[in-house]
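> Next comes the sequence, and after it the predicted model I'd like to discuss.
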Amino acid sequence: MIRSDAPILLEICDLHACVEHKAILKGVNLTIRAGEIHAVMGRNGSGKSTLSKVLAGHPAYQVTAGTVRYRGENLLDLPPEQRARIGLFLGFQYPIEIPGVSNLEFLRVATNARRLEMGDEELDTFAFEDVVRDKLAVVQMDPAFLERSVNEGFSGGEKKRNEILQMALLDPLVAILDETDSGLDIDALRIVAGGVNHLATAENATLLITHYQRLLDVITPDYVHVMAAGRILRTGGKELALELEERGYDWVDQELAVLEAAAQGRTPVEVG
């Protein structure tokens, strides 16, 4: 049940952003409250992944207009590492490998940085091993992966499970998952999605970026947003994802043409 009185965790207002002087986001508006799951869908190039990177603070992306507030605080003023410490998590579409860096130690350092921000004590290696082994069950992950380098030699599904393991340990307030279903087989999708569902609470929120309705068969969103040409074109419930599955994105071109016509002072009948 959606609570309109739940606190706002993330508020995006008229957000514009570019990369290498090319405008990508062109006025994104989105409000995310505690307890909500939002799904953003759209074609390649619509701006979905750019939105996730801008929120996380990727240095290649420049915000040219608009605001983003996280729990009332100006998120855009904060460096990426501080955004992570205060509870913003980004799960990558293509998690990178970090040879020579122990997965266990990487997870411990990240977890301790988050714990310090929340006013908790740091965990030493032995205490952390107890904590992380409990979290492994969430993603059905073999403890042997803790002893390997970060993501090195992991399959696509193993990398995504490792991302959700990070999410379980960091306990973010807003988790942004950029195409976390990409490249997963049916079993891996079930495990990863099950982990996301397990970690969703009334106090946190999740923003799913996906191409496919199949993920939403396992994770039920409160809102589905269709993104096109750097903005959110339409918002609905899960039925909107089912409509996309049935109709595809041809209607998007028609709506964009109507918007462009209106911006140029033409009537829709003149489009085309």
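On my side now, so go ahead.
> okay, and for the chain, where does confidence drop off?
1-3, 266-272 (pLDDT under 70).
> Where do the helices of it begin and end?
48-56, 80-85, 103-117, 125-136, 156-170, 186-199, 238-247, 250-263 (DSSP state H).
> Indicate which one of those helices is closest to residue 39.
Nearest of the helices of the chain to residue 39, taken as CB to CB: helix 238-247 at 6.7 Å. C-beta: built from backbone N, CA, C; applies to glycine.
> Could you pull out the buried residues of that closest one?
238, 240, 241, 243, 244 (16 or more other CB atoms under 10 Å).
> and what of stretch 249-268?
Result for stretch 249-268 [16+ other CB under 10 Å]: buried residues 252, 259, 261.
> Pick the one among those residues closest to residue 76.
For the buried residues of stretch 249-268, the nearest to residue 76 is residue 259 (26.2 Å; CB to CB).
> Would you mind checking which of the buried residues of helix 238-247 is nearest to residue 147?
residue 241 (39.3 Å).
> Pop out the phi and psi values for residue 95.
phi -60, psi 140 (degrees, to the nearest 10).
> how near is it to residue 152?
Distance of residue 95 to residue 152, given as CB to CB, to the nearest Å: 11 Å.
> ok, back up a step: looking at the helices of the chain, which is closest to residue 220?
helix 238-247 (6.3 Å).
> who's in contact with the closest one?
With CB atoms under 8 Å, 6 or more residues apart in numbering as the test, helix 238-247 has contacts from 39, 41, 213, 216, 220, 221, 224, 226, 234, 236.
> Nearest residue to the middle of this structure?
residue 176 (1.8 Å; CA atoms, centre = their mean).
> Hmm, it is touching residue 54, no?
No - contact between residue 176 and residue 54 fails when scored by CB atoms under 8 Å: they sit 10.3 Å apart.
> Identify the bridge partners of the residue nearest to residue 234 when sequence neighbours are not counted.
Using CB to CB, 6 or more residues apart in numbering and skipping residues adjacent in sequence, the residue nearest residue 234 is residue 226, 4.6 Å away. Residues in a beta bridge with residue 226, per DSSP bridges, are residue 41, residue 234.
> and residue 226, what does it touch?
Contacts of residue 226 (CB under 8 Å, 6+ apart): 41, 42, 232, 233, 234, 235, 240, 244, 252.
> Return the distance of it relative to residue 117.
Counting by CB to CB - residue 226 and residue 117 are separated by 35 Å.
> swap in residue 37?
24 Å.
> The two: which is more packed in?
Using other CB atoms under 10 Å as the criterion, residue 37 and residue 117 rank with residue 37 on top: 21 against 13.
> who does that one bridge with?
Going by DSSP bridges, residue 37 forms beta bridges with residue 206.
> Is it in contact with residue 224, as I believe?
No - the pair residue 37 / residue 224 is not scored as a contact, 9.8 Å apart, by CB under 8 Å.
> if we can go back for a sec, and residue 95 and residue 152? which has more neighbours close in?
residue 95 (18 against 14).
> how many neighbours does the residue nearest to that one when sequence neighbours are not counted have?
Nearest non-adjacent residue to residue 95, counting by CB to CB, 6+ apart: residue 159, 4.3 Å away. Taking other CB under 10 Å as the criterion, the count of residues near residue 159 is 21.
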